[in-house]
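Q: Coordinates for the following, if possible.
(chains A and B, ligands or ions: 2)
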Amino acid sequence: MAQGILVVVNQEEGRVRRVAYELLSLAQSLASGQVTALTFGPDAENTRESLGRYGADRVVFLSGPAYQAYSSDGFAQAVAAVVSTIDPQALFFPATAWGRDLAPRVAGLIGAGLASDCTEVHVRDDGRLGAVRPMYAGKVYARVAIDSPRQIFSLRPNIQTVVETGRSAEVVAVDPGLDASTFQAVVTEVKQSQGGQVELTEADIIVSGGRGIKAPENFKVLEELADALGAALGSSRPVADEGWVPHSYHIGQTGKVVSPTVYFAVGISGAIQHLAGISGSKYIVAINSDPDAPIFKAANYGIVGDLFQVVPALAQAIREVKKDA
Amino acid sequence: MKILVLVKQVPDTATKIRVNAGDTVIQTDGVKWVINPYDEFAIEECLRLRERFGGEVVVLTLGPKRVEEAIRQALAMGADRAIHLDSDRELDSQAAARVLARACQDEGFDLIMTGKQAVDDDQAQVGPLVAVELGLPQVTVVLTLEVDPEARRIRAERELEGASEWVSLPMPAVITAQRGLNEPRYPTLPNIMKAKKKEVKVIAVESLGVPLDPWVRVEAFSLPPERPAGKILTGDPVEVAQELARLLHEEAKVI
Ligand SMILES: Cc1cc2nc3c(=O)[nH]c(=O)nc-3n(C[C@H](O)[C@H](O)[C@H](O)COP(=O)(O)OP(=O)(O)OC[C@H]3O[C@@H](n4cnc5c(N)ncnc54)[C@H](O)[C@@H]3O)c2cc1C
Ligand SMILES: Nc1ncnc2c1ncn2[C@@H]1O[C@H](COP(=O)(O)O)[C@@H](O)[C@H]1O
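A: Ligands and ions are numbered 1, 2, ... in the order given. This is a model prediction of the structure:
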């Protein structure tokens, strides 16, 4: 009978993202069988120690020549082959660009239901897994059941604490017997965007600017605050549409959905589409000159004032607090 | 080139979502329905490809009678004809993908475009699932698309976290569109008039003989917890800034 959880993650140069540890920790707390991690690529073996430390009982490494470059159709076939060997009850994927590309492909291939971008997975009364996932960009949460025999979940980063269980993962050899020349969509080049700032969906603190910033050069004021906080920068949609910041900064219903510990909304009015993307934040801090701005209704803390005076003072105050701490 | 675009009708993003606690349905009275924002990028890209290489753009929509309005709008943007898969049932992603794939499998499309996700269910599944159903390769969350109809090859740039990657693949394929791909056009008045005469083929979903029972099922909706009333500070900028820093440090303990 199918049992245990297969956690499918990507790795680069022998390193996995933190979300991989979150998935393993969660899988270990829920699984009624073994937790198996699956990863791909030339340096896959180097992840063995860390995957075990965070909860993998077993690991499958697909590091052969077929898995040098990502292919959605190729990797999906490989996952399907591992699934038929391991026979897991459920599969976990990270809800990252990589996982959100691969998971539905696998779901279609192996004929299992998938709940995307879950913020919670739990054991139900009937012993199967259930999940909670935001819909309408977080305006509403849905508790979902997956009725197919095998269940697939992709999990949003930053929602699960990481637990070290210090296992020494056993390596399971699986050979899907695939030939890269049969893979159709293949990655030929990866381009890092400049700046190299922390990815918004994984950031712990975000400083985000809206139209109140008034001109692109004024974003410097926010950079200074972000710098003092060690935060990533984001924006409302109009600011990205104007080209004041890259598109990747855009937060909200049609941009990124973020879940930091603290979200600073600076010169952002708090339109419903923007609020949808930040509702998963633990604390929201608003800085706005208009005391009636809707953002204050969503905020845990706020300052009514001119951002050009408040933000530099706040950056200074935070530096002082941190120095004393 | 023969291009298919999948268009979903969703509540306008300005909609305040209302549910009764424990319910499995969203209240839809008074909701303004629009084309899924990402599907607008998909439509625009298809129109540009047709303008460059010739051929036709076909719209495929699954949903109840109200989706006719979305179809007319896509036709008014410039699509040539449409297929409406008519059903009042809420289908899960896989049933929807099976139905959509069945309806287009015999047409022989060179390219199928979808949005990267529908802003109602936020599943981001239907594109890849349709690709699997049809045995086609996929690229998702596409920012740049280069199509070579002679060589029957596609190169696409897709968004990653803080990076992007280029993917090479053969045609036919499924492509899902991300914001940044293009700037969708508005329908012009003459095109709105022309759209009224374009063909919309209506097919009853039940007639396709595809299993419709869901695997993924909503058991209950709930609204996100209300935030407690915030502490809003006013006064001298330097003083309130210091007070906020203190609160974040001592009360919230986040810095
Ligand atoms: C289909 C659709 C999808 C959308 N999706 C998104 C989305 O994903 N994300 C998103 O953000 N928006 C989205 N929008 C746009 C959204 O409706 C709002 O227009 C937008 O969020 C407003 O951006 P803003 O708050 O930066 O600007 P504004 O609403 O113009 O607010 C600027 C704020 O700055 C304040 N301000 C001005 N000067 C100062 C100063 N000196 N000091 C302090 N404060 C100052 C003002 O009081 C005001 O509150 C979408 C809209 C549509 C139609
Ligand atoms: N009912 C539908 N009719 C037509 N296209 C759809 C439908 N549902 C989803 N799609 C397409 O699939 C994309 C992803 O939707 P989803 O998987 O629901 O997030 C959408 O942007 C549409 O292009």
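Q: Please name the residues that touch residue A:302.
A: Listed by CB atoms under 8 Å, 6 or more residues apart in numbering or on different chains, the contact partners of residue A:302 are A:285, A:286, A:287, A:288, A:295, A:296, B:230, B:231, B:232, B:233. Glycine gets a C-beta too; all of them are placed from N, C-alpha and C.
Q: The fourth one pairs with what?
A: Pointing back at residue A:288 there. In this entry, residue A:288 is beta-bridged to residue A:304, by DSSP bridges.
Q: ok, the spatially closest residue to residue B:67 that is not a sequence neighbour - contacts?
A: Nearest-residue entry for residue B:67: residue B:9, 4.4 Å, with adjacent residues in sequence omitted and distances by CB to CB, 6 or more residues apart in numbering or on different chains. Shown in contact with residue B:9 (CB under 8 Å, 6+ apart): B:33, B:34, B:35, B:36, B:61, B:63, B:66, B:67, B:69, B:70.
Q: Please repeat the previous calculation with a cut-off of 6 Å.
A: By CB atoms under 6 Å, 6 or more residues apart in numbering or on different chains, the contact list for residue B:9 reads B:33, B:63, B:67, B:70.
Q: if we can go back for a sec, give the buried subset of the contacts of residue A:302 as a PyMOL selection command.
A: Selection of buried members from these for PyMOL, criterion 16 or more other CB atoms under 10 Å in any protein chain shown:
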select buried, (chain A and resi 285+286+287+288+295+296) or (chain B and resi 230+232+233)
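Q: what separates the nearest residue to residue A:128 once chain neighbours are set aside from residue A:110, distance-wise?
A: Of all residues beyond its chain neighbours, the one nearest residue A:128 is residue A:151 (7.0 Å), with distances taken as CB to CB, 6+ apart. Between residue A:151 and residue A:110 the distance is 11 Å, computed by CB to CB, to the nearest Å.
Q: Please say which of these two ends up with more neighbours.
A: residue A:151 (27 against 18; other CB atoms under 10 Å in any protein chain shown).
Q: so that one makes contact with residue A:92?
A: No: contact criterion CB atoms under 6 Å: residue A:151 and residue A:92 do not qualify, at 9.7 Å.
Q: touching ligand 1 at all, stretch B:68-85?
A: No: contact of stretch B:68-85 with ligand 1 (CB under 6 Å from any ligand atom) is absent, the minimum separation being 13.8 Å.
Q: Could you work out the end-to-end span of that stretch for me?
A: With CA to CA, to the nearest Å applied, stretch B:68-85 spans 10 Å between its terminal residues.
Q: swap in stretch B:121-129?
A: Note: stretch B:121-129 ends 15 Å apart using CA to CA.
Q: same thing with stretch A:35-47?
A: Stretch A:35-47: ends 15 Å apart by CA to CA.
Q: thinking again about what came up before, name whatever forms a beta bridge with the residue nearest to residue B:67.
A: So, taking DSSP bridges as the rule, residue B:9 has residue B:35 as bridge partners.
Q: Please report how far it lies from ligand 1.
A: 13 Å (CB to the nearest ligand atom, to the nearest Å).
Q: One more: residue B:193?
A: According to CB to the nearest ligand atom, residue B:193 and ligand 1 sit 26 Å apart.
Q: does whichever residue of the stretch 151-255 of chain B sits closest to ligand 2 count as helix, strand or coil?
A: Closest residue of the stretch 151-255 of chain B to ligand 2, CB to the nearest ligand atom: residue B:176 (6.6 Å). What DSSP: H, G, I helix; E, B strand; the rest coil gives for residue B:176 is strand.
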